[in-house]
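1. Next comes the sequence, and after it the predicted model I'd like to discuss.
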Amino acid sequence: MALSLASTAPARPARFDPRAKRRNAMLGKVHVARKALALNEDDYRNILMQETGHDSAKHCTEQQLERVLGRFEALGWKPLPKANGKGVAQNPMARKARALWISLYHLGWARSRDEKSLEAFAKRQIGCERLVWAKQSDGYKLIEALKKRAEIEGWAQTDASGNNLSPLKLNEGLCEAILAKLVKIGEARPDWTLNTAAWRLCGVELGAEGPMGAEDYQTLAQQLGAKLRAAGGAA
């Protein structure tokens, strides 16, 4: 008896399955949000159990993952705008402004890290409703306004000679500035180094897997910023 085509057709690989792809993207968001909120293992597992009845995200359905992400957003996590999102400016000026704005959120000054909040600030600086409509010639004014606010908040943008800092030094300095605010509100001791604060507050051992890079300090800034907001030290 001849076999039907249906019985001999190979199963579609998981990487081409739209539902599997969507679920994997949601799992990635769960882990990004957990890091951004600086949740320890117990708190993370408790939230999963409360929202889904599972203690591991890999056992959750799409609907359950949606509930977990909703809970994280209620705790203050905001997903980043999609790089190719409709109406989201992606020119160099906008990307630089967005990075500064998110850093100011971690530093406790910006109340929200979302695009609308950034655009409201930009409107006051350059008089344009949307970044995607802004002239590149106006970008300098917006970037300088954000840098000035960063300096006011204790985050240096240049070295002692006035030279621009490298991305590594900028992000390390951001973490130091957040730590200074944590010290000010009594959440960290004045004698703590950044290494000590990272371990005691976030359970992170700096340099444990090799030299720290700019992205490593960005992740630490998210975690320290979450601690600052949780302690009431943000705007």
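-> Cool, got the structure. Numbering: from 1, shown residues only.

2. Look up how far P92 lies from K147.
-> 15 Å (C-beta to C-beta, to the nearest Å). C-beta coordinates here come from the backbone N, C-alpha and C atoms, glycine included.

3. I meant to write G232 there.
-> Separation of G232 from P92 (C-beta to C-beta) stands at 36 Å.

4. now do P79
-> Distance from P79 to P92, by C-beta to C-beta: 22 Å.

5. More neighbours: the two, which one.
-> P79 (14 against 11; other C-beta atoms under 10 Å).

6. check contacts around that one.
-> 29, 33, 73 (C-beta atoms under 8 Å, 6 or more residues apart in numbering).

7. Narrow those residues to those that are buried.
-> Buried by 16 or more other C-beta atoms under 10 Å: 29, 33, out of those.

8. Any chance of JSON lines for the contacts of P79, columns distance to H59, secondary structure and pLDDT?
-> Below are the contacts of P79 laid out as JSON lines (distance: C-beta to C-beta, whole Å; DSSP: H, G, I helix; E, B strand; the rest coil; pLDDT from 0 to 100):
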{"residue": "K29", "distance to H59": "16", "secondary structure": "helix", "pLDDT": "85"}
{"residue": "A33", "distance to H59": "18", "secondary structure": "helix", "pLDDT": "85"}
{"residue": "E73", "distance to H59": "21", "secondary structure": "helix", "pLDDT": "81"}
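
9. G28 - how many residues pack around it?
-> 11.

10. Doesn't it belong to a helix?
-> Yes. Per DSSP: H, G, I helix; E, B strand; the rest coil, G28 lies within a helix segment.

11. Might one say that S56 is in contact with L48?
-> Yes. The criterion here is C-beta atoms under 8 Å, and S56 meets it with L48 at 7.0 Å.

12. Mind checking which of those two has more residues around it?
-> Taking neighbours as other C-beta under 10 Å, S56 and L48 compare with L48 leading, 23 against 11.

13. That one and L75, how far apart?
-> On the measure of C-beta to C-beta, L48 and L75 end up 13 Å apart.

14. can you check K147 too?
-> 30 Å.

15. Could you chop the chain up by domain?
-> Split into domains by automatic domain parsing, the chain comes to 17-74, 82-153, 156-235.

16. Report the separation between the two terminal residues of the longest one.
-> Meaning domain 156-235. End-to-end distance of domain 156-235: 19 Å, with C-alpha to C-alpha, to the nearest Å as the criterion.

17. what's the answer for stretch 31-51, then?
-> Terminal residues of stretch 31-51 lie 15 Å apart, using C-alpha to C-alpha.

18. which other residues reach that stretch?
-> Contacts for stretch 31-51 (C-beta under 8 Å, 6+ apart): 54-57, 60, 64, 67-69, 71-73, 75-77, 79, 201-203, 219, 222-224, 226-227.

19. next one: stretch 163-170
-> Stretch 163-170 has contacts (C-beta under 8 Å, 6+ apart) with 156-159, 173, 212-214, 217.

20. among these, which are in helices?
-> The helices, defined by DSSP state H, take in 173, 214, 217 from the contacts of stretch 163-170.

21. Grab the nearest non-local neighbour of Y105.
-> Spatial nearest neighbour of Y105, chain neighbours left out: R113 (4.0 Å); criterion: C-beta to C-beta, 6 or more residues apart in numbering.

22. same question, V204
-> Leaving aside its chain neighbours, V204 sits nearest to A198 (4.4 Å; criterion: C-beta to C-beta, 6+ apart).
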